[in-house]
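1. Mind folding the following:
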Amino acid sequence: QVQLVESGGGLVQAGGSLRLSCAASGRSFSNNAMGWFRQAPGKEREVVASISWNGGSTYFADSAKGRFTISRDNAKNTVYLQMNNLKPEDTAVYSCAASYYRGISSLRSDYNYWGQGTQVTVSS
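-> Below you'll find the model as predicted:
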């Protein structure tokens, strides 16, 4: 059974940092792009960042540029999201996803495996 399991969420004060991890099991995703998405209460799920299969290309939503970093370790079948200078508007459930494709994508429809998500709450 294929699973994506996120960890590293929690409560942090504005200006703080968190590092999210997404560990995949059941199959290798070393040939697939990976992405991080988030969904705040009452809002649609939105892309945060994406990384290509070999880490050579990355994409960040405007809200994440300059503050977040995405990386992956294919040997560990794990992708990471380092979030710095967090703001209250970053509060959301963060989910990782595996794409059909090797290249980066901001489209939810390009991802076919999803984790359950981890809550990130940023207090002001």
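
2. The residue minimising distance to the centre of the chain: what's it in contact with?
-> Central residue check for the chain by C-alpha atoms, centre = their mean: the C-alpha nearest the mean position is that of residue 36, 2.2 Å away. Shown here is residue 36, whose contacts under the criterion C-beta atoms under 8 Å, 6 or more residues apart in numbering are 20, 22, 47-50, 70, 79, 81, 94-97. C-betas here are computed from N, CA, C, even on glycine.

3. what are the bridge partners for it, then?
-> With DSSP bridges applied, residue 36 shows beta-bridge pairing to residue 49, residue 96.

4. hang on, residue 89 in a strand?
-> No. Assessed with DSSP: H, G, I helix; E, B strand; the rest coil, residue 89 is helix; it does not lie in a strand.

5. how many neighbours does it have?
-> The criterion is other C-beta atoms under 10 Å. On that basis, residue 89 has 11 neighbouring residues.

6. ends of stretch 93-113, how far apart?
-> Using C-alpha to C-alpha, to the nearest Å, the end-to-end distance of stretch 93-113 comes out at 16 Å.

7. partners of the helix or strand harbouring residue 21 in the sheet?
-> Assigned by DSSP states H and E, residue 21 falls within strand 18-25. Under the criterion DSSP bridges, strand 18-25 sits next to strand 3-7 (antiparallel), strand 78-83 (antiparallel) in its sheet.

8. Just say which of the ones you listed is most tucked in.
-> Among those, ranked by average contacts under mean count of other C-beta atoms under 10 Å, first place goes to strand 78-83 (a mean of 22).

9. Pull the residues that contact it.
-> For strand 78-83, with C-beta under 8 Å, 6+ apart as the criterion, the contacting residues are 17-24, 34, 36, 48-49, 51, 64, 67-73, 90, 94, 96, 120.

10. Just the buried ones out of those residues, please.
-> 18, 20-24, 34, 36, 48-49, 51, 64, 68-70, 72, 90, 94, 96, 120 (16 or more other C-beta atoms under 10 Å).

11. Low-confidence ranges, the chain, go.
-> Within the chain, no stretch has pLDDT under 70.

12. how many neighbours does residue 107 have?
-> Other residues near residue 107 number 11, with proximity taken as other C-beta under 10 Å.
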